[in-house]
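# Turn this into a structure:
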Amino acid sequence: MATILWCYLRNSDFKKDGVDYHAAADLTGQADRLGVTIKADIVKQKLPTNNGGFKAIGFGKIDERMYTQLTSEHPIDLCRYQVANGYMGRVGLINPAVSLTVLPTCVMRSLQQLSISVPVAWD
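I've put the predicted structure just below:
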């Protein structure tokens, strides 16, 4: 038996100045960490689309290096940030299917090489 935990964010306060931070790498990474902490076997999370959620909503303690040195706005870096929050990948992370209009094929292949689940066939 295994536990697959959906760690999606649901809070209207995560929309700030017209930007939706529900899929921000830092916020979703923290949700992933909570899922891993309560012993989920696999964590399901949205593919990050941006970063800086903690700064925007003014929540939590942050170090600016978190955004300047540890990650970038590149989609692979944002996914790596999520994986790192799952105790450096100790617990599997599943991201939902993403259309090719969002990320190019080379990015999808890179995510597969990082053992991040992405679909093989596209619609």
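# Tell me the predicted confidence for the closest residue to Asn85 other than its chain neighbours.
Once flanking residues are discounted, Asn85 sits nearest to Gly29: 3.5 Å by Cβ to Cβ, 6 or more residues apart in numbering. Bear in mind the C-beta positions are built from the backbone N, C-alpha and C, glycine included. Note on Gly29: pLDDT of 89.
# again with Asn95
pLDDT, read off for Asn95, is 73.
# correct me, but it touches Thr49?
No. In this structure, Asn95 is not within contact of Thr49 by Cβ atoms under 8 Å, at 11.2 Å.
# which residues sit in contact with Ile42?
Going by Cβ atoms under 8 Å, 6 or more residues apart in numbering, Ile42 touches 2-5, 91-94.
# And these, which is closest to Gln69?
Using Cβ to Cβ, Leu93 comes nearest to Gln69 of those, at 22.4 Å.
# Which strands or helices does the helix or strand hosting the closest one pack on?
Using DSSP states H and E, Leu93 sits within strand 92-94. Helices and strands touching strand 92-94, by 3 or more Cβ pairs under 8 Å, 6 or more residues apart in numbering; DSSP states H and E, are strand 42-44.
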